[in-house]
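**Q** fold the following, please.
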Amino acid sequence: MSEIRQDITTNEWVIIATERAKRPHDFVKPAKPLPPEFDPKCPFCPGNESMTPPEVLGYRDGGPPNSSNWWIRVIPNRFAALSPGKAGEEPKREVTNGLFRKMEGVGKHEVLIETPKHNLYFPYFTDKQSEEVLIALRERYLALRCEPRTQVVVIFKNHGDQAGTSLLHPHWQIVATPIVPQSLRRRTAVATRYYDDNGGCLYCDLIQAEFKAARRVIEDISKFFVIHPFASRSPFETWILPKQHSACFGSLDLDSAKELGKVLKRVLGKLFNLLGNPDYNIVIHTAPVKEEDEDYFHWHLRIIPRLSMMAGFEIGSGIFINTALPEETAEAMRAVKL
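**A** Got it, this is the predicted structure:
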């Protein structure tokens with residue numbers, strides 16, 4: 001019989017469809033052929049820097065900004081969802097007919113190009129490369145959170161067509177928004193209620209509960225804890241949680257950022273080993289800027305392999321159907337030797 005499980009961090013329900021559950025190996029697909037190491041038409045490849053806006057951050061061996069000898073580069077998104085707007089002006093809100101509310105689409109939208117190589121994916125980075133990507137993400141978070149109109153900094157990575165990527169060259173996106181999304185409001189509201197009722201952090205308690213249950217744990221190392229959550233929305237959904245309580249991703253010290261890079265590299269390596277270069281999304285959930293010092297929230301990173309499609313039931317009900325038991329996928333992940 002199927003199970004209906006509740007995600008304690010959102011209060012949302014998930015159906016674990018055991019009647020049609022797949023074994024971990026059933027999700028394996030042939031690996032896609034690699035693109036070339038260099039694509040002359042790709043704006044993110046070295047030598048094509050003139051095809052992008054001027055960089056806001058570059059890690060390179062000397063040379064001027066926007067030259068080609070970089071290994072990490074951050075640029076404004078040429079097709080930004082939000083634009084900077086006029087300096088010193090607050091975004092205006094308008095309401096017409098009492099119901100139709102809108103505001104100017106101001107904010108910042110950046111792209112972090114994580115490697116000069118068009119076909120080098122994160123699981124195959126050196127440790128140093130993976131560390132420096134997280135250091136650069138942290139650096140841009142700290143810069144963007146200080147923008148006067150920033151309410152939230154959203155960091156995410158799309159890999160593959162099913163994940164919504166538009167350019168093959170490996171990259172992350174960083175968006176500073178002037179509003180707090182309702183999905184984040186829901187997470188923080190649930191965490192606040194738990195804190196008020198229990199006097200402690202929901203996520204810290206979740207780490208302890210998952211450690212005790214043991215079956216869904218992927219890694220338990222000095223600074224981070226990796227699980228397939230009890231109410232996973234999709235097969236192989238993976239969470240990386242810092243053990244040290246903090247609401248804000250930007251509070252990471254450099255050593256922790258380096259360790260997170262290596263943990264993320266290993267976890268993605270296991271997923272690639274099992275699934276063969278799957279499409280996936282990564283999202284970092286961090287508190288709104290004005291709530292970064294609060295005790296109730298706990299930032300964390302989610303990896304969502306795109307192994308299933310949202311269909312009518314999910315759209316109509318808001319309830320996801322997962323056809324894999326997280327206990328079994330976690331066991332398969334633990335068995336992978338890198």
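
**Q** only C-alpha atoms for contact and neighbour calcs from this point on.
**A** Noted.

**Q** what about Met163, neighbour count?
**A** That one is not Met; residue 163 is Ala. 18 (other CA atoms under 10 Å).

**Q** who's in contact with it?
**A** By CA atoms under 8 Å, 6 or more residues apart in numbering, the residues touching Ala163 are Asp279, Tyr280, Asn281, Arg306.

**Q** now it: how far from Phe125?
**A** The spacing between Ala163 and Phe125, counted by CA to CA, to the nearest Å, is 21 Å.

**Q** how about the closest residue to Pro288 other than its chain neighbours, phi and psi?
**A** Using CA to CA, 6 or more residues apart in numbering and skipping residues adjacent in sequence, the residue nearest Pro288 is Val152, 4.8 Å away. Backbone torsions of Val152, given as degrees, to the nearest 10, read phi -150, psi 140.

**Q** ok, the one 3 residues further on next?
**A** Recorded main-chain torsions at Ile155 are phi -120, psi 130, according to degrees, to the nearest 10.

**Q** which element is the residue nearest to it when sequence neighbours are not counted on?
**A** The shortest distance from Ile155 to any non-neighbouring residue, by CA to CA, 6+ apart, is to Ile174 (4.6 Å). Per DSSP states H and E: Ile174 is located in strand 171-177.

**Q** who's in contact with Cys42?
**A** By CA under 8 Å, 6+ apart, the residues touching Cys42 are Asn48, Leu167, His169.

**Q** again, but for Leu57
**A** Leu57 touches Arg73, Val74, Ile75, counting by CA under 8 Å, 6+ apart.

**Q** before we move on, what about Arg145?
**A** Gln151, Val152, Val153, Ala176, Val289.

**Q** nearest residue to the middle of this structure?
**A** Against the mean C-alpha coordinate of the chain, by CA atoms, centre = their mean, the closest residue is Val283 at 1.7 Å.

**Q** where does the chain have its least confident helix or strand?
**A** Least confident helix or strand of the chain, by mean pLDDT, DSSP states H and E, is strand 93-96 with a mean of 88.

**Q** CA-only coordinates of it, as CSV, when you get a sec.
**A** Only the C-alpha atoms of strand 93-96 are listed here, as CSV (Å, rounded to 0.1, in the frame of the first residue of the first chain):
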residue,chain,number,x,y,z
ARG,A,93,3.8,49.2,-5.8
GLU,A,94,0.6,49.8,-7.6
VAL,A,95,-2.9,48.4,-7.0
THR,A,96,-5.7,48.9,-9.5
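
**Q** ok so, going back, now the following helix or strand past the strand holding Ile174: average pLDDT?
**A** As assigned by DSSP H and E, the chain's next helix or strand after strand 171-177 is helix 182-198. For helix 182-198, the mean pLDDT works out to 97.

**Q** now the helices: where do they sit in the stretch 151-300 of the chain?
**A** 182-198, 202-213, 254-275 (DSSP state H, counting those that start in this stretch).

**Q** what's the closest of those helices to Trp299?
**A** Closest to Trp299 of the helices of the stretch 151-300 of the chain is helix 202-213 (CA to CA; 8.7 Å).
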